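> no sequence on hand, only this structure:
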């Protein structure tokens, strides 16, 4: 039997430290009768994209991202449109795409999914040419993503602290959206472009989202009054927040967004400056992914 070739891209600073034991785990648990493998560690932002693109050009069967949503994003960016499949070993803080695909958070069980090597095609999307695979957005969640990155601390506890500390004083902003040619204007806490049902940390504001339907869910969220948050916040974890009057969801293939203030967005949780106006486009079934 001809062995398949697999490359593991490990982010050594992702999440809360689970990735530190990965070399030993891979050496002991990967099915060596099926795979020839390499392990590479990222050294800087964007490095995972360089490595995965080279792997796709070399015709590797699988490239596995060992890290959080940012590492998955960078790795996927080098694989979109190729025959090389993305695998995920989740060691990050949010692990949004992993949770939607039902990839176990337990590293040994996640590696077993890689061993099986079952794949499916999923959609990806771009904002002004920048790839995202799970969720991107503007407004409050982009502001939190920026503060989270600048804090230098990882983990859900720090993310929760930043979110709760910022919410009360954050003012909703006005957005003009041209959604598949139709213009709407909304004042919103945030506008998210969701490819999956997961926003990370097992929260959801669009529980029925499909990752392979050729659409992005445009989630327009109004600000919940501060005194109501204690009652409504649990609905994010119960996958029922989209049933409230504070969420409007429109399925779309292409969206142009314009705003009067702010240049920040987040792409799969990583903050980026992109300007006051941008275009989001769906890339249907453009990425092979290892799934359970």
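Structure received. Keep in mind that what you see is a predicted model, and the values were worked out from it rather than measured. Numbering: from 1, shown residues only.
> lowest-confidence helix or strand of this structure?
Ranked by mean pLDDT, DSSP states H and E, the helix or strand of the chain with the weakest confidence is helix 156-167, at a mean of 80.
> give me the buried stretch members for it, please.
Neighbour-count burial for helix 156-167, counted by 16 or more other C-beta atoms under 10 Å, picks out 158-159, 162-163, 167. Just so you know, the C-beta spots here come from the backbone N, C-alpha and C atoms, and that holds for glycine as well.
> residue 192 sits in which helix or strand?
Assessed by DSSP states H and E, residue 192 sits inside strand 190-194.
> contacts for that strand, please.
Applying C-beta atoms under 8 Å, 6 or more residues apart in numbering, the set of residues contacting strand 190-194 from outside is 125, 127, 132, 134-142, 175, 177, 199, 205-206, 209, 216-221, 255, 257, 280.
> so what's residue 115 closest to, chain neighbours aside?
Ranked by C-beta to C-beta, 6 or more residues apart in numbering and with sequence neighbours excluded, the top spatial neighbour of residue 115 is residue 31, at 4.6 Å.
> can you give me the helices in the stretch 151-292 of the chain?
156-167, 229-232, 234-237 (DSSP state H, counting those that start in this stretch).
> max-length strand in the protein?
strand 277-290 (DSSP state E).
> packing partners of that strand?
When contacts are defined as 3 or more C-beta pairs under 8 Å, 6 or more residues apart in numbering; DSSP states H and E, strand 277-290 packs onto strand 85-90, helix 107-116, strand 119-127, strand 254-259.
> now the last one against strand 119-127, angle please.
For strand 254-259 against strand 119-127, the angle between stretch directions is 40 degrees (axes from the mean of the first three to the mean of the last three C-alpha atoms, to 10 degrees).
> run the angle between strand 254-259 and strand 277-290 for me.
For strand 254-259 against strand 277-290, the angle by the same axes, to 10 degrees is 140 degrees.
> got the contact list for strand 254-259?
For strand 254-259, contacts defined as C-beta under 8 Å, 6+ apart pick out 138, 173-180, 191, 193, 216, 218, 276-282.
> tell me which strands that strand pairs with, and in which orientation.
Strand 254-259 has the following strand partners under DSSP bridges: strand 173-179 (antiparallel), strand 277-290 (antiparallel).
> in the first one, what counts as buried?
Of the residues in strand 173-179, those buried by neighbour count under the rule 16+ other C-beta under 10 Å are 173, 175, 177, 179.
> so can I have CSV of those residues showing distance to residue 58 and pLDDT?
Converted to CSV, those look like this (distance: C-beta to C-beta, whole Å; pLDDT from 0 to 100):
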residue, distance to residue 58, pLDDT
173, 45, 94
175, 42, 96
177, 41, 98
179, 39, 97
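> for residue 95, find the nearest of the strands paired with strand 254-259.
Of all those, strand 277-290 sits nearest to residue 95, with 14.1 Å by C-beta to C-beta.
> buried stuff in that closest one?
Within strand 277-290, the residues scored as buried using 16+ other C-beta under 10 Å are 278, 280-283, 286-290.
> residue 232: which of those is nearest?
Distance to residue 232, by C-beta to C-beta, is smallest for residue 280 among the buried residues of strand 277-290, at 26.9 Å.
> skipping adjacent residues, who's closest to the closest one in space?
Excluding its sequence neighbours, the residue lying closest to residue 280 (C-beta to C-beta, 6+ apart) is residue 255, at 4.5 Å.
> tell me the bridge partners for the one you found.
Legend: beta-bridge partners of residue 255 under DSSP bridges are residue 179, residue 280.
> give me the neighbour count for it.
Per other C-beta atoms under 10 Å, the neighbour tally for residue 255 reads 21.
> my guess is residue 232 contacts residue 224, does it?
Yes: look at residue 232 against residue 224 with C-beta atoms under 8 Å: they come within range, at 5.4 Å.
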